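S.K.: kindly return the folded structure for what I paste below:
(chains A and B)
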2 protein chains.
Amino acid sequence: MSNYTHQTAPTQFVEAAGIRFAYRRFANRRFGATIDIPLLFFMHFTGTMDHWDPALTDGFAQDREVILFNNAGVSNSGGEVPASIEEMAQHAAAFIDALSVKKIDALGFSMGGLIAQQFTMDRPDLVRKLILVGTGPRSGEGMASLTPEAQKIFGARYDPADELWLQVFFTPSEPSQAAGRKYLERQRARKENRDPLPNEKVAPAQVAALQKWGAPAKDPYAYLKKITQPTLVVNGSNDVIVYTVNSFILQQNLPNAQLILYPDSNHGAQYQYPELFVEHVTQFLNG
Amino acid sequence: MSNYTHQTAPTQFVEAAGIRFAYRRFANRRFGATIDIPLLFFMHFTGTMDHWDPALTDGFAQDREVILFNNAGVSNSGGEVPASIEEMAQHAAAFIDALSVKKIDALGFSMGGLIAQQFTMDRPDLVRKLILVGTGPRSGEGMASLTPEAQKIFGARYDPADELWLQVFFTPSEPSQAAGRKYLERQRARKENRDPLPNEKVAPAQVAALQKWGAPAKDPYAYLKKITQPTLVVNGSNDVIVYTVNSFILQQNLPNAQLILYPDSNHGAQYQYPELFVEHVTQFLNG
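M.R.: The predicted structure follows:
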C-alpha cells in the first residue's frame, strides 16, 4: 500500500447497498504503522472527510491504518441522508463490509458518536474498541433538539464560512480560540481533491435524525449495557453543543468505559489538545 | 542522595510547629529521576505512609523525588490529629517548610485530596500542579457524613484486618477484587520499619474534620475558582466512599482541570490500574 497522508490520500469509491460511498484510507507504513486493525472515523453534523483534523488522522496513522468516509447523501457519496441514526449506522456497516474489513476500532465525534454506538450494537463482531468524542446517550441532557447555544451558533453567518467551527468547537477564551485558528489552518491545508460541501438536504435530515435519537424515552440509558467493548469517552469541560454531562452519563452507564474531560474546552476538545488526545487514544487502543 | 525505594527508604523525622513529623523521601537517581520538583503525597482517612502503593510511589520515583509523610497525630508523628482539614493543611505546610522545599507537585487521595486543596489555596506559591484522587469539593454529594456504604464497610471486621481495603478501594467484580489482592501484596511488601497503626484517637478526629468539610454551605464550590494550578482529577467509575460525581463537580468548577475516570472501579481506582495511572499522571506532570 502506498504511503499516503491526510493531504495526499486519494478519494476512492466503493458501491454498497446501492450507494456509492466516498472514502480515503491511509497509514504511515514507512514508520511502522503495524497495527492491522484500522481506525474508522464517524463524522459530525454537516461535516465531510475534510473536516477531520490532520493532527489526529496523521497522528493515528503513525501506528495504524485510518479510514475516513462520507456517509450516504453527504458530499460526494451517493444516495440520500436518512432521517435516523439507525439507518446511518446500517449504511456505515454496508460500507465497511464492502471494503471486506472484518475488524475495526471506531471513533465517533458528536453525531458520529451516536452512529458509532448504534453501529457497535448492530455489529459487535466488527468493533474491537470504541472512542466516543463530544457525544451523548439516547435522550441525553439537552439532546431532544439542538441546544440553544447550538441554534445560535449554527444560525449565524461567518466570513470566511468555516469560522463557524471556531464557535462550535472552541470556548470563547483566548487560548481556546488560538487553538481553534490553528485547527482551521490544519483543516484547510489539503488543497487538492477536497470534498464538495454538503448540499441543502443534508442538515435538515441530520437534524431530524438527531432529534429522534435525543427524544425523551423510558429508561433511555439501558441500551448502553449492550456495548461491552472497551470504550473511551472524551469531551471538553464546557461542551455547549452536546452538554458535557452527557459524557459523564455515557461513562457511568457503559459497562467498560474510561472518561477523559479536558480543561477550558468546548465541543472540539480533541482539536484543542490534538497531541494529548492522540496520546490518550493511542494508550487506550494499544493498552 | 542515596538510591532508596518504597521498601528501603528510612523513616526520618523533622520538627515543625512543635510537632515531630515522620516522613520518607526517595527517588531513583540512578535511572534518571531528574525532575527537581518533588511529588508530595497526602494520605487518606486512617492511613499511614505504608498504605501507599509501591507501584505508584516507585513508579513516580523513576522520574522525580517522592515525599511521603504522616500528618500530626498519625502513627509515628507527634502531636494530635486536629478536627479540621484547615489545621491538617497548616500542619502539612509547616512540615514542607521545615524541609526547606520551595516547590512541589501535590497528590491527595480521599481525605488527603481535601487537605491538598486547602494546602494549595493557603500556599499557592508552593504548588506547581495538583492531582486529586478519589476526592471531592466542600459540601460535595454525600459528604456531610460517611456514606452509608462507607459506614457499613468501615464498621465491619476483617481477618486479616487489612482486607478492609479490598472493600474500600475495589468493586465487588472479580477483576477488581483480583487487582485488590495484588495491591494488598504490594502494600505488605515493606517488612522492616513499617509505621505503627494509628491510635484510637485518629479516626474520630478525622471523621469530625471530614464532616465539617462536607457540611452543607451556600455556594459551596465557589472556592474552587481560587485553585488556578493545572489540576488532574482521577477517580473510579463507582466510588462508594466519595461518590464519583464529586470528581465531575471538581472538574467542572476548577478553572484548569482534567478529569479521568476509570471503568469498573471504586475509591482506589489508582491501585486497580497502577501502570495506567502512573502513565496518565506522568503525562500530566511532564506536559
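S.K.: the helices in the stretch 51-200 of chain A, which residues?
M.R.: A:54-60, A:85-98, A:111-122, A:148-155, A:164-169, A:174-188 (DSSP state H, counting those that start in this stretch).
S.K.: hmm, who's touching the last one?
M.R.: To tie it back to what came earlier, the one meant is helix A:174-188. Helix A:174-188 has contacts (CB atoms under 8 Å, 6 or more residues apart in numbering or on different chains) with A:50-55, A:162-163, A:165-166, A:169-171, A:264-266, A:268, A:271-274. Where you see a C-beta, it was placed from the backbone N, CA and C, and this is true even at glycine.
S.K.: likewise the shortest one?
M.R.: Contacts of helix A:164-169 with the rest of the structure, by CB under 8 Å, 6+ apart, involve A:51, A:150, A:153-154, A:156, A:158, A:177, A:180-181, A:183-184, A:187, A:241, A:266-268, A:271-272.
S.K.: returning to what we had before: and the contacts of helix A:174-188, which are buried?
M.R.: Buried by 16 or more other CB atoms under 10 Å in any protein chain shown: A:50-55, A:165-166, A:169-171, A:264-266, A:268, A:271-274, out of these.
S.K.: quick check: buried residues in stretch A:223-234?
M.R.: A:224, A:227, A:229, A:230, A:231, A:232, A:233, A:234.
S.K.: from those residues, list the ones also adjacent to chain B.
M.R.: residue A:230 (CB under 8 Å from any CB of the partner chain).
S.K.: out of the buried residues of stretch A:223-234, who's nearest residue B:206?
M.R.: Proximity of those to residue B:206 (CB to CB) peaks at residue A:233, which lies at 34.1 Å.
S.K.: pLDDT on stretch A:262-281, on average?
M.R.: Across stretch A:262-281, pLDDT averages out at 98.
S.K.: what's the end-to-end length of that stretch?
M.R.: One end of stretch A:262-281 to the other measures 13 Å (CA to CA, to the nearest Å).
S.K.: with adjacent residues omitted, what lies nearest to residue A:20?
M.R.: Leaving aside its sequence neighbours, residue A:20 sits nearest to residue A:78 (CB to CB, 6 or more residues apart in numbering or on different chains; 4.0 Å).
S.K.: how about residue A:282?
M.R.: That would be residue A:63: by CB to CB, 6+ apart, it lies 6.2 Å from residue A:282.
S.K.: which residue does the stretch 101-250 of chain A have closest to chain B?
M.R.: residue A:248 (5.2 Å; CB to the nearest CB).
S.K.: quick check: that residue is in a helix.
M.R.: Yes - counting by DSSP: H, G, I helix; E, B strand; the rest coil, one finds residue A:248 located in a helix.
S.K.: nearest spatial neighbour of it, chain-adjacent residues omitted?
M.R.: Per CB to CB, 6+ apart, closest to residue A:248 is residue B:248, 5.2 Å.
S.K.: ditto for residue A:111
M.R.: Looking at residue A:111 with CB to CB, 6+ apart, the closest residue is residue A:45, at 4.7 Å.
S.K.: I'd say the one you found and residue A:205 touch.
M.R.: No - counting by CB atoms under 8 Å, residue A:45 does not reach residue A:205; the two are 10.6 Å apart.
S.K.: about what we covered before: how close does the residue nearest to residue A:20 sit to residue B:166?
M.R.: As judged by CB to CB, to the nearest Å, residue A:78 and residue B:166 stand 58 Å apart.
S.K.: now do residue A:121
M.R.: 34 Å.
S.K.: what's the answer for residue A:44, then?
M.R.: Residue A:44 is 43 Å from residue B:166, by CB to CB.
S.K.: also residue A:138?
M.R.: Taking CB to CB, one finds residue A:138 at 36 Å from residue B:166.
S.K.: same question, residue A:63
M.R.: On the measure of CB to CB, residue A:63 and residue B:166 end up 37 Å apart.
S.K.: filter the contacts of helix A:164-169 down to the buried ones.
M.R.: Here, 16+ other CB under 10 Å leaves A:51, A:150, A:153-154, A:180, A:183-184, A:187, A:241, A:266-268, A:271-272 buried among those.
S.K.: may I ask which helix or strand of chain A has the lowest mean pLDDT?
M.R.: Lowest by mean pLDDT, DSSP states H and E among the helices and strands of chain A is strand A:35-42, with a mean of 92.
S.K.: for that one, buried residues please.
M.R.: In strand A:35-42, counting by 16+ other CB under 10 Å, buried: A:35, A:37, A:38, A:39, A:40, A:41, A:42.
S.K.: so which elements touch that strand?
M.R.: The contact analysis (3 or more CB pairs under 8 Å, 6 or more residues apart in numbering or on different chains; DSSP states H and E) places strand A:35-42 against strand A:64-70, helix A:85-98, strand A:104-109, helix A:111-122, helix A:274-286.
S.K.: rerun at 7 Å
M.R.: Using 3 or more CB pairs under 7 Å, 6 or more residues apart in numbering or on different chains; DSSP states H and E, the elements in contact with strand A:35-42 are strand A:64-70, strand A:104-109, helix A:111-122.
S.K.: so which elements touch the first one?
M.R.: Going back to what we said before, that points to strand A:64-70. For strand A:64-70, the packing partners by 3+ CB pairs under 7 Å, 6+ apart are strand A:19-26, strand A:35-42, helix A:54-60.
S.K.: list the contacts of that strand.
M.R.: A:21-27, A:33, A:35, A:37-41, A:48-49, A:52, A:57, A:60, A:76-77, A:95, A:195 (CB atoms under 7 Å, 6 or more residues apart in numbering or on different chains).
S.K.: residues in contact with the most centrally placed residue in chain A?
M.R.: Central residue of chain A (CA atoms, centre = their mean): residue A:109, 2.8 Å from the mean position. Residues near residue A:109 by CB under 7 Å, 6+ apart: A:42, A:43, A:44, A:133, A:134, A:135.
S.K.: what's the nearest residue to it if we skip its chain neighbours?
M.R.: Residue A:109 sits nearest to residue A:133 (CB to CB, 6+ apart), 4.5 Å away.
S.K.: is it true that the one you found touches residue A:268?
M.R.: No - applying CB atoms under 7 Å, one finds residue A:133 not in contact with residue A:268, separated by 8.8 Å.
S.K.: okay, the contacts of residue A:109 in CSV with distance to residue B:219 next?
M.R.: Shown next, in CSV, are the contacts of residue A:109 (distance: CB to CB, whole Å):
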residue, distance to residue B:219
A:42, 40
A:43, 41
A:44, 36
A:133, 32
A:134, 29
A:135, 31
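S.K.: residue A:55 - nearest residue in space that isn't next to it in sequence?
M.R.: Residue A:55 sits nearest to residue A:274 (CB to CB, 6+ apart), 3.7 Å away.
S.K.: any idea how far residue A:206 is from residue A:163?
M.R.: 21 Å.
S.K.: need the residues of the stretch 151-287 of chain A near chain B, please.
M.R.: Residues of the stretch 151-287 of chain A found near chain B (CB under 7 Å from any CB of the partner chain) are A:237, A:248, A:251-252, A:256-264, A:276, A:279, A:283, A:287.
S.K.: which of those residues are buried? Put it as a ChimeraX command.
M.R.: In ChimeraX, a selection of the buried entries from those looks like this (16+ other CB under 10 Å):
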select /A:237,248,251,252,257,258,259,260,261,262,263,264,276,279
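S.K.: one step back: in TSV, list the helices and strands packed on strand A:64-70 along with distance to residue A:89.
M.R.: Shown next, in TSV, are those (distance: least, CB to CB, whole Å):
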stretch	distance to residue A:89
strand A:19-26	14
strand A:35-42	9
helix A:54-60	22
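S.K.: quick one: which of these is nearest residue A:113?
M.R.: Using CB to CB, these put strand A:35-42 closest to residue A:113, at 6.9 Å.
S.K.: partner strands of that closest one, with direction?
M.R.: strand A:64-70 (parallel), strand A:104-109 (parallel) (DSSP bridges).
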